[in-house]
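Novice: Pasting a predicted model and its sequence here:
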Amino acid sequence: MNRQALVGAFVVGGIGLAVGAFVLFGNFHPFTRMEKAVLIFHGASSGLSVGAPVTFRGVQVGAVDKVVIEYNPETKDAYIPVYVTMRPDNITLTSNSAHHLPTIRDLVSQGLRGEMNLKSFVTGSSEIDLDFAPEVPAVLHPAIATMTEIPTKQSSIQAMSQTLQNLPLKELGDNANASLAAVRELSDRLDRDLPVLIESIRSTSDHSRDMVDASRDLITHLQPQLEQTLKSLNRLADAGSEQLNARGKDLHQLLENSNVMIQRADQSLSNIQSMTSPRSSERANLEASLRDLASAASALRGFANDVERNPQLLLTGRRP
């Protein structure tokens, strides 16, 4: 009887340990509230397997239960539904107790989105990352999803892969080949023309050096003459300054005399202007004298005409 009790206790203890290990290390939590959800991806899901973690900003909040393929023969398109189990009990509220814990559907309406990211570069395993991204439109698939669906968004790695796939690699390769051909042609041309150019530069440098040496010799030769010329100019300037200082009084007197002469010239012009005025008596006398001269000239002209017709008038004179 004692042996049977001992065996029974051992069996019960083993069953208890097995259940505890399964609950502790497995994904089975009988006393934890869980919610099921599905994420539907349209691209490749390499590295994602059952048991992969579902995280929210690095904190694990669930695990992947199943990964299947939904194929549409009409559109020949395939989707990857990923079924996950969430444990909302990991979420606590920071406000008062009047609010209730949000459901997955509430979180989706607030902008919860999921993306597939690489978990380890060594093993190539992937995981599901959740975060709020209300700016990303919620694309749902009611024809495929049989439970609450969490909208997905493109991960940074997928975006990078899509960008690399969309790169015009052939055009880039052609451009690279053309660039290499141009560089090769330029290199060949430099190999052909560069020695001639270097020789020309060397010759030009030699000529320039000769010119510099000749200029230096010329400057050295002309420097004493330039210094002598500068000294002569200084002496000339000093002599000019002395002459100006010595003749300053004479120049002042000459300017005063010039002013007096200008004043007299102005007075003479004023007198001439008064004489030529229409109301001036001198002008009237001058005009009378001019009229008398004109009458005398007219009489002389008549006498000359008479003499020309009759020269004897010079001897006999005019008869009354």
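Specialist: On my side now, so go ahead. Numbering: from 1, shown residues only.

Novice: Distance of V122 relative to G47?
Specialist: Distance of V122 to G47, given as C-beta to C-beta, to the nearest Å: 11 Å. Quick note: C-beta positions are derived from backbone N, CA and C, even for glycine.

Novice: the more surrounded of these two?
Specialist: Counted by other C-beta atoms under 10 Å, V122 and G47 do not tie: G47 has more neighbours, with 16 against 6.

Novice: Mind checking the pLDDT average for the helix or strand that contains D210?
Specialist: For D210, the enclosing helix or strand under DSSP states H and E is helix 169-246. Across helix 169-246, pLDDT averages out at 84.

Novice: On the C-terminal side of it, identify the next helix or strand.
Specialist: helix 248-275.

Novice: List the buried residues in that next one.
Specialist: Judged by neighbour count using 16 or more other C-beta atoms under 10 Å, helix 248-275 contains no buried positions.

Novice: Next, the closest residue to L48 other than its chain neighbours: phi, psi?
Specialist: By the measure of C-beta to C-beta, 6 or more residues apart in numbering, the closest residue to L48 outside its immediate chain neighbours is S126, 4.4 Å from it. In terms of degrees, to the nearest 10, the main-chain angles of S126 are phi -120, psi 170.

Novice: Can you name the residues that contact S126?
Specialist: 45-48, 52, 116-119 (C-beta atoms under 8 Å, 6 or more residues apart in numbering).

Novice: Just the buried ones from these?
Specialist: 45, 47-48, 52, 116, 118-119.

Novice: Give me the distance between the two termini of stretch 125-142.
Specialist: 29 Å (C-alpha to C-alpha, to the nearest Å).

Novice: For it, list every residue counted as buried.
Specialist: Residues of stretch 125-142 classed as buried: 125-130, 138 (neighbour count, 16+ other C-beta under 10 Å).

Novice: Inside strands: which ones of the residues you listed?
Specialist: 126-130 (DSSP state E).

Novice: Which of these sits closest to E70?
Specialist: I128 (17.4 Å; C-beta to C-beta).

Novice: Distance-wise, check N117 relative to T152.
Specialist: From N117 to T152 the distance is 12 Å (C-beta to C-beta).

Novice: Can you list the low-confidence ranges for the protein?
Specialist: 1-12, 16, 18-33, 88-99, 156-165, 275-280, 307, 311-320 (pLDDT under 70).

Novice: hmm, 90 instead?
Specialist: 1-35, 41-49, 57-61, 70-78, 86-108, 116-126, 136, 138-146, 153-320 (pLDDT under 90).

Novice: and D292, how many residues sit next to it?
Specialist: That count, for D292 with other C-beta under 10 Å as the rule, works out to 10.

Novice: same check, this time on R283
Specialist: The local packing of R283 (other C-beta under 10 Å) involves 14 other residues.

Novice: likewise the one 3 residues further on?
Specialist: Burial of L286, expressed as a neighbour count using other C-beta under 10 Å, amounts to 13.

Novice: quick one: secondary structure of it?
Specialist: Counting by DSSP: H, G, I helix; E, B strand; the rest coil, the backbone at L286 sits in helix.

Novice: Let me know the distance separating it from R113.
Specialist: Taken as C-beta to C-beta, the span from L286 to R113 is 122 Å.

Novice: Doesn't T75 belong to a strand?
Specialist: No. Assigned with three-state DSSP, T75 falls outside any strand and is coil.

Novice: Put the alpha carbons of stretch 42-59 into CSV.
Specialist: Only the C-alpha atoms of stretch 42-59 are listed here, as CSV (Å, rounded to 0.1, in the frame of the first residue of the first chain):
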residue,chain,number,x,y,z
HIS,A,42,1.0,40.9,-49.3
GLY,A,43,4.7,40.3,-49.7
ALA,A,44,7.2,37.6,-48.7
SER,A,45,7.3,36.5,-45.0
SER,A,46,10.7,34.8,-45.0
GLY,A,47,11.9,33.9,-41.5
LEU,A,48,8.5,34.1,-39.9
SER,A,49,7.4,30.9,-38.1
VAL,A,50,5.1,29.6,-35.5
GLY,A,51,6.1,30.9,-32.0
ALA,A,52,7.7,34.1,-33.4
PRO,A,53,7.3,37.0,-31.0
VAL,A,54,4.8,39.8,-31.4
THR,A,55,6.2,43.0,-29.8
PHE,A,56,5.0,46.5,-29.2
ARG,A,57,8.0,48.9,-29.2
GLY,A,58,10.3,46.1,-28.2
VAL,A,59,8.0,44.6,-25.5
